[in-house]
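Asker: The sequence and its predicted three-dimensional model are supplied below.
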Amino acid sequence: MDKHLLERSLTAVDLPDDGLTVRFYEILFERYPAVQPMFRRDTKLQAEMLRTAIVSVIDNLDDGEWLTSNLGSLGRRHSEMGVTPPMYDAVGECMIAAMAEIGGDDWTPEMSAAWTEALTAVSSLMLAGYPDGVPR
């Protein structure tokens, strides 16, 4: 994984006031309205937590033990909320869409590819944390 490209591209689209993750949730709910009831919290708070998680993952990208432990734990919590594998795909799609929208002409196919790889890896580690295996 190209950590430098991930950091550089995140810096380019990381808007003030969690604007990237706020826009992500707007896109997610537009494209996948069925998931919105799963979000009982204020979306602004959810956006803050998501931004913190993204930055933490990038900061610890070279620490496999940290990633496995923390993302596995996060996956267990998501399993309790009923998150299914297709929802992870939707999240990746909508996050990259938000990044590309904010990045505009400066967003490149290489950035999309790097984030697709990273978000797929994150999803895999989270799904590995599901207590009874991945739901179908």
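Answerer: Yes, it's here. Numbering: from 1, shown residues only.
Asker: Do I have it right that residue 12 meets residue 108?
Answerer: No: the criterion here is CB atoms under 8 Å, and residue 12 misses it with residue 108 at 10.1 Å. Backbone N, C-alpha and C define where each C-beta goes, glycine included.
Asker: Run through who's touching stretch 30-48.
Answerer: Contacts with stretch 30-48, where a contact means CB atoms under 8 Å, 6 or more residues apart in numbering, come from 18, 21-22, 24-25, 28-29, 81-83, 87, 90, 93-94.
Asker: Can you mark which positions in it are buried?
Answerer: 35, 43, 46, 47 (16 or more other CB atoms under 10 Å).
Asker: before we move on, what about stretch 8-25?
Answerer: Within stretch 8-25, the residues scored as buried using 16+ other CB under 10 Å are 9, 10, 13, 14, 18, 20, 21, 22, 23, 24, 25.
Asker: how about low-confidence regions in this protein?
Answerer: By pLDDT under 70, the low-scoring segments of the chain are 133-136.
Asker: how about the helices in the chain?
Answerer: For the chain, applying DSSP state H gives helices covering 3-13, 19-31, 43-59, 64-80, 85-103, 109-128.
Asker: For the last one, which helices and strands make contact with it?
Answerer: Counting contacts by 3 or more CB pairs under 8 Å, 6 or more residues apart in numbering; DSSP states H and E, the secondary-structure elements packed against helix 109-128 are helix 3-13, helix 64-80, helix 85-103.
Asker: got the angle between the shortest one and helix 19-31?
Answerer: So that's helix 3-13. Orientation check (axes from the mean of the first three to the mean of the last three CA atoms, to 10 degrees): helix 3-13 against helix 19-31 gives 80 degrees.
Asker: residues in contact with stretch 61-73?
Answerer: By CB under 8 Å, 6+ apart, stretch 61-73 touches 1, 3, 6, 56, 57, 60, 118, 122, 125, 126, 128, 129.
Asker: Kind regards, and thank you for your time.
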